[in-house]
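> Okay, here's the prediction I keep looking at, along with the sequence it came from:
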Amino acid sequence: MKSPARRRPRRIQRLRRPEQLPKLLRAAGPTLPDRLASAVERLGPAALPVLWEIIETAELVEASAEGGGVLDTEDAAAWAAAPPAVRAAVHATALVARLRPDDGAGRLLDRLVLLGGSTALSLPLRDALTPYAGDHAEAFFDALAATDDFDLQMLLTSALAGAGVKDARLRDILRNELLPRSIPAFLDSVRYTGDPALLPDVLGLLRDAEAHPEAVDPELWRAFMGAIIATGGKAPDSVAQHMLQAALAQLPSD
């Protein structure tokens, strides 16, 4: 009796030419395979015209897609429901960030400003722009001054903070716009920017929190610790005690 024939494993298409990118990126899952990313890096500048085309035509899909908004790449159902061109644009943006072309800052910033702060490409564009923000801070501040889109303002601010920019204009935005809306987001931005001028603000918030510790989210103590250390301060022993108490409270009881 003959043994049943074994199925041959399906061959994974290899990237040899930039023209293959649209199809491969449309078919990729939420996490871009390392093999594909490495192949794009080997192509280098030759891949950029195709990547830019994918990114810069995505707005046409965004405008016609139902249920637009920020795309959560960790939500498998949302990723599967997104138009293939949008999925490809998300990956193309990450690949441009890897290649870091000289004109990347301007083109990515233009795309983010055009699309706004609440589309499927908004977060990927912010992430791709962050490495550029330190050297192109003035362009970011110009974009901030020119928009009243709060979501866009927060993404631009996040990119500046993530790049470690220390500037009075950024401090004003963090204090006057972000802090009133979210203390955790403020502390997170302070930790990224590491601006010593913001240490007094953090310590003031800490005094308020310690006055009513029962009302403080346990994770906030960790955020205080990170922000204080990043800005050159020394956290009071009480912060470590709060963190320990919060950790003990999360242990399963017998």
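Received, thanks. Numbering: from 1, shown residues only.
> Give me the mean pLDDT for the one helix or strand L160 maps to.
Here L160 sits within helix 150-162, counting by DSSP states H and E. Mean pLDDT, helix 150-162: 95.
> what's the answer for stretch 215-223, then?
Here the average pLDDT along stretch 215-223 is 90.
> and for that stretch, what are the contacting residues?
By Cβ atoms under 8 Å, 6 or more residues apart in numbering, the surrounding residues in contact with stretch 215-223 are 183-184, 187-188, 191, 209, 239, 242-243, 246, 249-250. C-betas here are computed from N, CA, C, even on glycine.
> quick check, nearest of these to L114?
D188 (26.7 Å; Cβ to Cβ).
> what's the distance between the closest one and A227?
8 Å (Cβ to Cβ, to the nearest Å).
> Flag the helix or strand of this protein with the lowest per-element mean pLDDT.
Taking mean pLDDT, DSSP states H and E as the measure, the chain has helix 58-64 as its least confident helix or strand, at a mean of 51.
> Can you list the neighbours in contact with the following helix or strand past it?
Following helix 58-64 in sequence order, the next helix or strand is helix 76-81 (DSSP H and E). Contact partners of helix 76-81, identified using Cβ under 8 Å, 6+ apart, comprise 29-30, 67, 71-73, 87.
> hey, C-alpha coordinates of helix 76-81 in PDB?
Listed next in PDB are the C-alpha coordinates belonging to helix 76-81 (Å, rounded to 0.1, in the frame of the first residue of the first chain):
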ATOM      1  CA  ALA A  76      -6.300  41.000  14.500                       C
ATOM      2  CA  ALA A  77      -9.900  41.600  13.500                       C
ATOM      3  CA  ALA A  78      -9.400  45.300  12.900                       C
ATOM      4  CA  TRP A  79      -6.200  44.600  10.900                       C
ATOM      5  CA  ALA A  80      -8.000  42.000   8.800                       C
ATOM      6  CA  ALA A  81     -10.900  44.400   8.200                       C
END
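> ok, and for it, which residues are buried?
The neighbour-count check on helix 76-81 (16 or more other Cβ atoms under 10 Å) flags 78-79 as buried.
> you'd agree A230 is up against G194?
Yes. Contact status for A230 versus G194: in contact at 4.4 Å, counting by Cβ atoms under 8 Å.
> quick one, which of the two is more surrounded?
A230 (20 against 17; other Cβ atoms under 10 Å).
> Just the pLDDT at the more buried one, thanks.
For A230, pLDDT reads 96.
> Now it, what are its backbone angles?
Note on A230: backbone dihedrals following degrees, to the nearest 10 are phi -60, psi -30.
> got the contact list for it?
Taking Cβ under 8 Å, 6+ apart as the test, what A230 contacts is 190-194.
> now it: how far from T193?
According to Cβ to Cβ, A230 stands 8 Å off from T193.
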